[in-house]
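J.: whatever this is, show me its structure:
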Amino acid sequence: MPIVHDWLARRASLAPERTALIDATRGDRRISWREWNASANRTARLLQDVFGVRRGDRVAVLAMNCTEFLDLLFACGKLGAILQPLNWRLSSSELAALLADAEPVVLVHGPDFQAQVDSVRSLASSVRHVVPLEDSPARRSEDVPFSRRDALSDAPLPSVDVEPEDPWVLCYTGGSTGTPKAAILTHRSITANAANTVVSWGLTADDTALLNAPLFHTGGLNVFTTPLVYVGGATVVCRSFSVEQVFDVVHRGAINLLFGVPTMFIEMQRHPRFDSVDFSRLKLLISGGAPCPLPVFERFFARGVDFKTGYGLTEAGPNNFCLPPEDTRRKPGAVGVPLFHIEARIEGDGEEGELLLRGPHLCAGYWRRPEETAKTFAGGWLHTGDLVRRDADGCFSIVGRSKDLIISGGENIYPSEVENVLAAHPEVAEVCVIGVPDPKWGEVPRALVVARPGADLTEARLLEFCQGRLARYKQPRSVRFLEALVRTSAGKVDRRTLAARHGNAEG
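T.: Residues are numbered from 1 along each chain as shown. Okay, the predicted model is just below:
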């Protein structure tokens, strides 16, 4: 089955003068579909005519969010090339490992990362061209700046045969140890996620989203960004997350779609402006990437905002479920029912267990890792490793990771459930619950807590808070207070490292 691989050319032919992008990094400059397509054509010519990029070649990019990043995404789509977005939070040695993994022929980088590029370029033997997004005195004479594209033609490129199963993006999963795996996002999977999202979430050409999640994650690329290109909506491109910027654009009604990870929403609610911002124009306010504490939902609900949580993986979508509006406040934290072209079931087909997903939105496996691909996608189903419950209405809720499950005296304890209770304490800023060995019960829960500034919180008071809110076997048996929770390069709480550091049996 053929597939449209030049999205911007098609959008530019359907609605050439409608706004496609609003560049918040350059004074909210508006870019039409016609202008964006022309810019992506020049970018594709730079890659193809100047750097020799062909179908299947990898193009790495190490940069903060910017319109040039998006140009590269869709230029690769035009050529059948493969974009490799690099996580700028990684160390130079970690970046070198990713470059060795994908073997890109071109490395494009932003000005913030000149030092990292200088330290890895001698190790990246596949890279033939290093391309700075901004010219500077630090640029090596042999490096052709990205601005070279400005002199190139924006005429349509010669046709390239791109198949649905051709890779479009190598998107790395967040790993706490070892080299992260690259999920192969194909033209088929990205198109299917866009179609699922538009149809099931009700996106239209009149919608506008704020893009401040990093583009090296599937959340930045595919929660709203590619679905809005698919339907003809607009995206406000921000360099990174800023609470003040979010409040400004939300309050003036410049967007009606907002996605973020729980940490972003927690920071928003801590800000003194939170209670005065007008959220009424938001059509969707959705959290993803990690479990969101119940108090975050409750505070948005108190403001009259239908805040909900989504569920996704780099390997699947990332959009998989939709919570009907009538269930938003009745089932806080639930992710809802599967999107239109997605099948979801529970291993063993019970009411609780590991979530399995199937559909055209799944990635094509892991780059150069056939054994892990075969294991994770056994039988055509993605074995997510996430534990879910399904209620009588067919509504799914994520209860934790299978590897994080605590089994105490034969009873299952989901850390997220305990964390939600502890996070409701007014003096708790962050919390992570791990299992520790116990001679009687096998394992018991321990709470790792970051207290709010100025708090006078003790272990005894926190354990007392749990009484009546949790079954006795779920209550933590000990508490450790930390300055901060360790996080992975993807910004998620690093349970594995925290368990290794604080999971000993002693107090």
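
J.: excluding chain neighbours, what is closest to residue 452?
T.: Of all residues not flanking residue 452 in the chain, residue 429 sits nearest, at 4.6 Å (C-beta to C-beta, 6 or more residues apart in numbering). Just so you know, the C-beta spots here come from the backbone N, C-alpha and C atoms, and that holds for glycine as well.

J.: for the strand or helix carrying that neighbour, output the C-alpha coordinates as PDB.
T.: If you go by DSSP states H and E, residue 429 is part of strand 428-438. The C-alpha trace of strand 428-438 is given here as PDB (Å, rounded to 0.1, in the frame of the first residue of the first chain):
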ATOM      1  CA  VAL A 428       6.000  16.300  50.300                       C
ATOM      2  CA  ALA A 429       7.600  17.600  47.100                       C
ATOM      3  CA  GLU A 430       8.500  14.300  45.500                       C
ATOM      4  CA  VAL A 431       8.400  10.700  46.400                       C
ATOM      5  CA  CYS A 432       9.500   7.300  45.100                       C
ATOM      6  CA  VAL A 433       8.500   4.000  46.700                       C
ATOM      7  CA  ILE A 434      10.800   1.000  46.400                       C
ATOM      8  CA  GLY A 435      10.900  -2.500  47.800                       C
ATOM      9  CA  VAL A 436      13.400  -3.600  50.400                       C
ATOM     10  CA  PRO A 437      14.200  -7.100  51.700                       C
ATOM     11  CA  ASP A 438      12.300  -8.300  54.800                       C
END
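
J.: longest helix in this structure, please.
T.: helix 187-201 (DSSP state H).

J.: following that helix, which helix or strand comes up?
T.: Per DSSP H and E, the first helix or strand lying C-terminal to helix 187-201 is strand 208-211.

J.: list of residues touching the helix or strand following that next one?
T.: Once the chain leaves strand 208-211, the next helix or strand it forms, by DSSP H and E, is helix 218-222. Around helix 218-222, the neighbours that count as contacts under C-beta atoms under 8 Å, 6 or more residues apart in numbering are 65, 73, 85, 169, 171, 183, 185, 190, 193-194, 211, 213-215, 259, 261, 288-289, 312-314, 317-319.

J.: show me what the strand holding residue 429 is packed up against.
T.: With contacts defined as 3 or more C-beta pairs under 8 Å, 6 or more residues apart in numbering; DSSP states H and E, the packing partners of strand 428-438 are strand 406-408, helix 415-423, strand 442-451, helix 495-502.

J.: run the angle between it and helix 415-423 for me.
T.: Between strand 428-438 and helix 415-423, the angle comes out at 130 degrees (axes from the mean of the first three to the mean of the last three C-alpha atoms, to 10 degrees).

J.: return the longest helix of the chain as PDB; C-alpha atoms alone will do.
T.: Extracted in PDB, the C-alpha atoms of helix 187-201 (Å, rounded to 0.1, in the frame of the first residue of the first chain):
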ATOM      1  CA  HIS A 187       6.400   6.200   7.800                       C
ATOM      2  CA  ARG A 188       3.600   3.700   8.600                       C
ATOM      3  CA  SER A 189       3.900   4.000  12.400                       C
ATOM      4  CA  ILE A 190       4.100   7.800  12.400                       C
ATOM      5  CA  THR A 191       1.200   8.100  10.000                       C
ATOM      6  CA  ALA A 192      -0.900   5.700  12.000                       C
ATOM      7  CA  ASN A 193      -0.300   7.500  15.200                       C
ATOM      8  CA  ALA A 194      -1.300  10.800  13.600                       C
ATOM      9  CA  ALA A 195      -4.500   9.300  12.200                       C
ATOM     10  CA  ASN A 196      -5.400   7.600  15.500                       C
ATOM     11  CA  THR A 197      -4.800  10.900  17.400                       C
ATOM     12  CA  VAL A 198      -6.800  13.100  15.000                       C
ATOM     13  CA  VAL A 199      -9.800  10.700  14.800                       C
ATOM     14  CA  SER A 200      -9.900   9.700  18.500                       C
ATOM     15  CA  TRP A 201      -8.900  12.900  20.200                       C
END
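
J.: what about stretch 369-388, distance to the chain center?
T.: Put simply, stretch 369-388 sits 19 Å off its chain's centre (C-alpha atoms, centre = their mean, to the nearest Å).

J.: what comes up buried for that stretch?
T.: Judged by neighbour count (16 or more other C-beta atoms under 10 Å), stretch 369-388 contains these buried residues: 369, 373, 376-377, 381-384, 386-388.

J.: I'd say residue 112 and residue 64 touch.
T.: Yes: in this structure residue 112 lies within contact range of residue 64 using C-beta atoms under 8 Å: 6.2 Å.

J.: neighbour count for the two, which is higher?
T.: The residue with more neighbours, out of residue 112 and residue 64, is residue 64; 18 against 14, by other C-beta atoms under 10 Å.

J.: just say helix, strand or coil for the more buried one.
T.: coil (DSSP: H, G, I helix; E, B strand; the rest coil).

J.: quick one on the thing from earlier: give the contact list for the residue nearest to residue 452.
T.: Contacts of residue 429 by C-beta under 8 Å, 6+ apart are 450-453.

J.: most neighbours among these, which one?
T.: Neighbour count (other C-beta under 10 Å) singles out residue 451 as the most crowded of the contacts of residue 429, with 19 neighbours.

J.: ok, the residue nearest to it when sequence neighbours are not counted to residue 429 distance?
T.: Computed as C-beta to C-beta, 6+ apart, the closest residue to residue 451 that is not its neighbour in sequence is residue 457, at 4.6 Å. As judged by C-beta to C-beta, to the nearest Å, residue 457 and residue 429 stand 10 Å apart.

J.: ok, now residue 462?
T.: In this structure, residue 462 and residue 429 are 13 Å apart, going by C-beta to C-beta.

J.: least trustworthy helix or strand in the protein by mean pLDDT?
T.: Lowest mean confidence among the helices and strands of the chain (mean pLDDT, DSSP states H and E): strand 411-413, at a mean of 82.

J.: okay, now the sheet partners of it, with direction.
T.: Sheet pairing of strand 411-413 (DSSP bridges) gives strand 406-408 (antiparallel).

J.: which other residues reach the partner strand?
T.: 412-415, 433-435, 438, 441-445, 473.

J.: so can I have JSON lines of those residues showing distance to residue 56?
T.: Shown next, in JSON lines, are the contacts of strand 406-408 (distance: C-beta to C-beta, whole Å):
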{"residue": "412", "distance to residue 56": "46"}
{"residue": "413", "distance to residue 56": "47"}
{"residue": "414", "distance to residue 56": "43"}
{"residue": "415", "distance to residue 56": "42"}
{"residue": "433", "distance to residue 56": "45"}
{"residue": "434", "distance to residue 56": "43"}
{"residue": "435", "distance to residue 56": "45"}
{"residue": "438", "distance to residue 56": "53"}
{"residue": "441", "distance to residue 56": "54"}
{"residue": "442", "distance to residue 56": "50"}
{"residue": "443", "distance to residue 56": "48"}
{"residue": "444", "distance to residue 56": "52"}
{"residue": "445", "distance to residue 56": "49"}
{"residue": "473", "distance to residue 56": "54"}
